[in-house]
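Q: sequence? don't have it. structure:
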């Protein structure tokens, strides 16, 4: 196996690229083009006036920063999670991953809601957060129980949780590189997507639950593409096998798309997932050329905390600063500094301790330990 350092750097720096793309789409796109939605989430008046001319310099034809960034995140997860599965039993893996996701998300969400409350006080608007909505979101099942999101971004974390559960169920297949159970899973998701009304009538499950699962499981199919790269990296798959594996899952993923809400909401999503796949593939092939770059590495290391905090806090901060007479670029820069500071604090105080807790719980004794390096552990974050 190749040295773990190139794997860690390759995937970690892609995380940094992905979070930058997501911030751009939210602060420079959603903030201006979904003004009513933003106002309702930060309890502020709808922003008035023309959009900042700055955002048009960031516009690239057919390119959407949001789906692109999310697709890169998904592929990275698919690539790195097998390293954790290779070290842990399925139940241990799930406990470790839940400790990785939930504490940071819960604390970050509570910080976000506290700042939204302050925003509501500043703007003189009423603040409310029904307990059932809050709990569903903190559990990351909001879409499955028809509760509105509290932050507009946690749907991807719901997908991550589904991926962890399915990966644990397919433990043997993932560990050995047996692709057939993954293909069967993807085909089953497509079948359910095409016959969702019939499935709802037979199972008596709500249509809302089935619709949410269709989208989430479709994304899980895409994530499993990253798992193929893991098997290529470890030598289980040849390049030809990787190409065949990837083509089958990509086709099944794209066939699922028209049966989900993405078709009406953001029709360019599949196209931008392909862009993300291309960037991931090229980066994987050139992974030996990646070198440390302090600013990007810093952002990458705290990317999960940034993701948890950046959305609603970013909107509220930009709106407040612009109300103080600052321009959009200056407000965005100050907000970036603020969010990075909050994210670093969340990373150090919650994310790192709970991540290490998960590792300590299942730490192998020296006689049982493998030759896995520290970078192997780092990449599985």
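A: That came in fine, so what should we check first? Note that the coordinates shown come from a computational prediction; the quantities given were computed from them, not determined experimentally.
Q: which strands and helices sit next to the helix of greatest length in the chain?
A: Counting by DSSP state H, the longest helix found in the chain is helix 90-123. In terms of contacts (3 or more CB pairs under 8 Å, 6 or more residues apart in numbering; DSSP states H and E), helix 90-123 is packed against helix 35-42, helix 65-87, helix 131-138, helix 155-169, helix 303-323, helix 328-346, helix 352-361. C-betas here are computed from N, CA, C, even on glycine.
Q: that helix versus helix 155-169: what angle between them?
A: Orientation check (axes from the mean of the first three to the mean of the last three CA atoms, to 10 degrees): helix 90-123 against helix 155-169 gives 170 degrees.
Q: what angle do helix 90-123 and helix 352-361 make?
A: Going by the same axes, to 10 degrees, helix 90-123 makes 170 degrees with helix 352-361.
Q: rounded mean pLDDT for helix 90-123, please.
A: Over the span of helix 90-123, the pLDDT mean works out to 98.
Q: can you list the buried residues in that helix?
A: Residues of helix 90-123 classed as buried: 90, 92-109, 111-113, 115-116, 119-120, 123 (neighbour count, 16 or more other CB atoms under 10 Å).
Q: same check, this time on stretch 331-344
A: By neighbour count on 16+ other CB under 10 Å, the buried set for stretch 331-344 is 331-332, 335-336, 338-340, 342-344.
Q: and for that stretch, what's in contact with it?
A: If you take CB atoms under 8 Å, 6 or more residues apart in numbering as the criterion, stretch 331-344 is touched by 23, 27-28, 111, 299, 302, 305-306, 308-310, 313-314, 317-318, 321-322, 326.
Q: only the buried subset of those, as a PyMOL command please.
A: Here is the PyMOL command that selects the buried residues among the contacts of stretch 331-344 (16+ other CB under 10 Å):
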select buried, resi 23+27+28+111+299+302+305+306+308+309+310+313+314+317+318+321+322
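Q: could you find the closest non-adjacent residue to the spatially most central residue of the chain?
A: Centroid-nearest residue in the chain, with CA atoms, centre = their mean: residue 156, separated by 4.5 Å. In space, and not counting its chain neighbours, residue 156 is closest to residue 70: 5.6 Å by CB to CB, 6 or more residues apart in numbering.
Q: right, and the one you found touches residue 153 too?
A: No - counting by CB atoms under 8 Å, residue 70 stays clear of residue 153, with 9.1 Å between them.
Q: tell me, what's touching those two both at once?
A: residue 22.
Q: got any ranges where the stretch 251-381 of the chain has weak pLDDT?
A: Counting by pLDDT under 70, the stretch 251-381 of the chain has low-confidence residues at 364-381.
Q: before we move on, the earlier item: contacting residues for the residue nearest to the centre of the chain?
A: Applying CB under 8 Å, 6+ apart, the residues contacting residue 156 are 70, 73-74, 219, 307.
Q: quick one: residue 205 from residue 214, how far?
A: 12 Å (CB to CB, to the nearest Å).
Q: of the two, which one has the most company?
A: Each of residue 205 and residue 214 has its neighbours counted (other CB atoms under 10 Å); residue 214 has more, 22 against 13.
Q: wait, the more buried one touches residue 258, no?
A: No - under the criterion of CB under 8 Å, residue 214 makes no contact with residue 258, lying 11.0 Å away.
Q: name the element residue 23 belongs to?
A: Using DSSP states H and E, the element containing residue 23 is helix 4-24.
Q: next secondary structure after that helix?
A: helix 31-33.
Q: quick one: mean pLDDT for that next one?
A: For helix 31-33, the mean per-residue pLDDT is 97.
Q: ok so, going back, got the angle for the longest helix of the chain vs helix 65-87?
A: Interaxial angle, helix 90-123 versus helix 65-87 (the same axes, to 10 degrees): 150 degrees.
Q: once you drop chain neighbours, what's closest to residue 271?
A: The spatial neighbour of residue 271 that comes closest, neighbours along the chain excluded (CB to CB, 6+ apart), is residue 62 at 6.3 Å.
Q: phi and psi next, for that neighbour.
A: As for residue 62, its main-chain torsions (degrees, to the nearest 10) stand at phi 70, psi 0.
Q: okay, it: pLDDT?
A: On pLDDT, residue 62 comes in at 91.
Q: distance check, it against residue 263.
A: According to CB to CB, residue 62 stands 17 Å off from residue 263.
Q: give me the phi and psi angles of residue 291.
A: phi -130, psi 150.
Q: show me the contacts for the nearest residue to it once chain neighbours are set aside.
A: Once flanking residues are discounted, residue 291 sits nearest to residue 9: 7.4 Å by CB to CB, 6+ apart. Contact analysis of residue 9 by CB under 8 Å, 6+ apart lists 287, 290-292.
Q: ok, the closest residue to residue 142 other than its chain neighbours - contacts?
A: Spatial nearest neighbour of residue 142, chain neighbours left out: residue 136 (4.5 Å); criterion: CB to CB, 6+ apart. Residues counted as contacts of residue 136 (CB under 8 Å, 6+ apart) are 142, 145, 147.
Q: can you pick the most crowded of those?
A: residue 142 (23 neighbours).
Q: hmm, it is touching residue 153, no?
A: No - taking contacts as CB under 8 Å, residue 142 lies outside contact range of residue 153: 11.5 Å.
Q: output the contacts of residue 136 as a markdown table; include the columns secondary structure, distance to residue 227 and pLDDT.
A: Output for the contacts of residue 136, formatted as a markdown table (DSSP: H, G, I helix; E, B strand; the rest coil; distance: CB to CB, whole Å; pLDDT from 0 to 100):
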| residue | secondary structure | distance to residue 227 | pLDDT |
| --- | --- | --- | --- |
| 142 | helix | 26 | 98 |
| 145 | helix | 29 | 96 |
| 147 | coil | 30 | 97 |
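Q: for residue 58, state which of those is nearest.
A: residue 142 (29.7 Å; CB to CB).
Q: OK, contacts around the closest one?
A: Contact analysis of residue 142 by CB under 8 Å, 6+ apart lists 133, 136, 148-150, 154-155, 158.
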